[in-house]
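In: below: sequence and its predicted model.
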Amino acid sequence: MNIDSITNGVVIDHITAGAGMRLYELLGLGELDCSVAIIKNVQSAKMGKKDIIKIDALIPIDFDVIGYVDPGATVNIIRDEKLVEKRTIDMPELLTGVIKCKNPRCITSVEQELDHVFRLTDRAGKVYRCIYCETKAG
Amino acid sequence: MRSLISILDLSVQEIDELIDTACDIIENPAKYAEACRGRKLATLFFEPSTRTRLSFEAAMYELGGNVLSVSSADSSSAAKGESVADTAKTVSCYADIIAMRHPKEGAPYVAAKNASVPVINAGDGGHNHPTQTLADLLTIRREKGRFDGLTVGFCGDLKFGRTVHSLIGAMARYPDVRFVLISPEELKLPSYEKDVLKQKNIPYVQTTDLMEVMPELDILYMTRVQRERFFNEEDYLRLKDSYVLEPKKLAAARQDLSIMHPLPRVNEISVAIDSDPRACYFKQVLNGKYIRMALILKLLKEAGRI
């Protein structure tokens, strides 16, 4: 399968196989006008299988979203067909405005202007909890 | 601005100091009778309450202060759709300290972020109720003389029971405490609470059989199955009578057992138990006033308002 190389853009690599679509949705890539490719189940020597997302434009990336969904992913910035920056992603301590609290008793369920904010409470278990009601994300 | 949203906002040392202050208030009430003269407590209760609101108000009056009160959402601007943040900012203009109860979890946290005076969480949904926990801790200290090495049984609604969650969090910080969790399957302690116990290697057992574990307990903390926490009336009716403590069930209990309950009770503790010397739940009510006095003093002092 061939996907053209990009001149100026962003490649999100080393995505855990199966997590590509969730990243696509949470990063809002469906709203972009440029070409975006999600490549699923790519053979990887290190990971066995992985997903890759290629974005054919230099858009700002919300690294917190990637850190939340798949902290093992890497982000490559391409300019003039050259790799100019490669970033590994850490899990953010606070996740703001990315996901919503699902607890119907949470104050965010009735006060629409409140930011939905989650705090990392267990790094090993990748657990985020709502800062208001402490309900687990996901 | 220091507020109290969760019992874990207070260190073990601070809790010990609050308990010491409360004990001093009990011994020397006259010493504190003018401590908050000229200061005002706003009690914002957007959910029904008897004990907690009156306890806060009695506490402030016994400290020589005054009280401004909203006793239901219907009688405030919340009925017009005012946000918690705006309510907190507004009330900060009138009061020196706020006690808030709200049906939505996290509302007092939002209030504390927006108020310019200390906010005390007086209960938010099924989430936290730290001043009940302080009352419970004062009761345990006065009844048992210690916190460490106790086996504490919680019985009833451990899923929605905010007093249970807060007290487990507080007691888990003392050494050699063991928990016995007695509930129907549907009302078991939430996994996130158990995760904390596991992470800290704190021993606990879960059971549906109160009688089986009764002889082990130093403290039996009974709770009400709360109608207001259920979306489905059928589930409430099916579970509400899961545990009813009657005198004959205490036959296997220790003579120094302390029976606690955050109140109000419905029928989960028979009134025949009230005269048993092991019953502590009305002592909890009184202790609640003293520990709230200690807390109001602490937060007003830290805020530079007394």
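Out: Good, I have the coordinates. Numbering: from 1, shown residues only, chains lettered A, B, ... in the order given.
In: could you look up the SS state of residue B:68?
Out: Recorded secondary structure, residue B:68: strand (DSSP: H, G, I helix; E, B strand; the rest coil).
In: nearest residue to it other than its sequence neighbours?
Out: residue B:42 (4.5 Å; CB to CB, 6 or more residues apart in numbering or on different chains). For every residue, glycine as well, the C-beta is placed using N, CA and C.
In: repeat for residue A:85
Out: Leaving aside its sequence neighbours, residue A:85 sits nearest to residue A:77 (CB to CB, 6+ apart; 4.1 Å).
In: next one: the one helix or strand that neighbour maps to to chain centre, how far?
Out: Under the criterion of DSSP states H and E, residue A:77 resides in strand A:74-79. In terms of CA atoms, centre = their mean, to the nearest Å, the centre of strand A:74-79 is found 14 Å from the chain centre.
In: same deal with stretch B:235-251?
Out: Worked out by CA atoms, centre = their mean, stretch B:235-251 lies 22 Å from the chain centre.
In: for the record, mean pLDDT for that stretch?
Out: Averaged across stretch B:235-251, the pLDDT comes to 86.
In: report the separation between residue A:35 and residue A:55.
Out: Using CB to CB, to the nearest Å, residue A:35 is found at 8 Å from residue A:55.
In: tell me the contacts of the most centrally placed residue in chain A?
Out: In chain A, the centroid-proximal residue (CA atoms, centre = their mean) is residue A:66; its distance is 2.7 Å. For residue A:66, the contact set (CB atoms under 8 Å, 6 or more residues apart in numbering or on different chains) comprises A:12, A:23, A:27, A:73, A:75, A:89.
In: and these, which two are furthest apart?
Out: A:27 and A:89 (12.3 Å; CB to CB).
In: for residue A:38, which non-adjacent residue is closest in space?
Out: The spatially closest residue to residue A:38, leaving aside those adjacent along the chain, is residue A:20, at 4.8 Å (CB to CB, 6+ apart).
In: who are the contact partners of the residue nearest to residue B:68?
Out: B:67-70, B:91, B:94-95, B:97-99.
In: scan those and report the most crowded one.
Out: Counting neighbours by other CB atoms under 10 Å in any protein chain shown, residue B:99 leads those with 31 neighbours.
In: residues contacting the helix or strand hosting that one, please?
Out: Element membership of residue B:99, judged by DSSP H and E, is strand B:97-102. Contacts to strand B:97-102, defined as CB under 8 Å, 6+ apart, come from residues A:107, B:39-47, B:49, B:52-53, B:56, B:84, B:88, B:91-92, B:107-108, B:111, B:115, B:117-125, B:131, B:296, B:299-300, B:303, B:305.
In: now do the contacts for the residue of chain A found nearest chain B.
Out: Proximity of chain A to chain B (CB to the nearest CB) peaks at residue A:132, 2.5 Å away. Neighbouring residues of residue A:132 by CB under 8 Å, 6+ apart: A:101, A:106-108, A:114, A:117, B:105-107, B:109-110.
In: mark which of those residues are part of strands, please.
Out: residue A:117 (DSSP state E).
In: for PyMOL, write the selection for the buried entries among the contacts of residue A:132.
Out: Entered in PyMOL, the line below selects the buried ones among those, by 16 or more other CB atoms under 10 Å in any protein chain shown:
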select buried, (chain A and resi 101+106+107+108+114+117) or (chain B and resi 105+106+107+109+110)
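In: out of the contacts of residue A:132, which is nearest to residue B:13?
Out: Within the contacts of residue A:132, distances to residue B:13 taken as CB to CB reach their minimum at residue B:109, with 23.3 Å.
In: got the domain boundaries for chain B?
Out: In terms of domains, chain B is parsed into B:7-128+B:288-302, B:130-284 (source: automatic domain parsing).
In: any idea how far apart the tips of the longest one sit?
Out: Distance between the two ends of domain B:130-284: 14 Å, counting by CA to CA, to the nearest Å.
In: number of residues surrounding residue 41?
Out: All of this refers to chain A. 12.
In: please go with chain B instead
Out: The number of residues packed near residue B:41 is 26, by other CB under 10 Å.
In: the residue nearest to residue B:267 when sequence neighbours are not counted and residue B:269: what is the separation?
Out: In this structure, residue B:267 finds its nearest non-sequential neighbour in residue B:244, 5.9 Å apart by CB to CB, 6+ apart. Distance of residue B:244 to residue B:269, given as CB to CB: 8 Å.
In: show me which of those two is the more surrounded one.
Out: residue B:269 (25 against 15).
In: where's the more buried one relative to residue B:243, distance?
Out: Shown here: residue B:269 relative to residue B:243, a distance of 9 Å by CB to CB.
In: where do the contact lists of those two overlap?
Out: Common neighbours of residue B:269 and residue B:243, using CB under 8 Å, 6+ apart, are residue B:222.
In: isn't residue B:112 right up against residue B:119?
Out: Yes - with contact defined as CB atoms under 8 Å, residue B:112 and residue B:119 form a contacting pair (4.0 Å).
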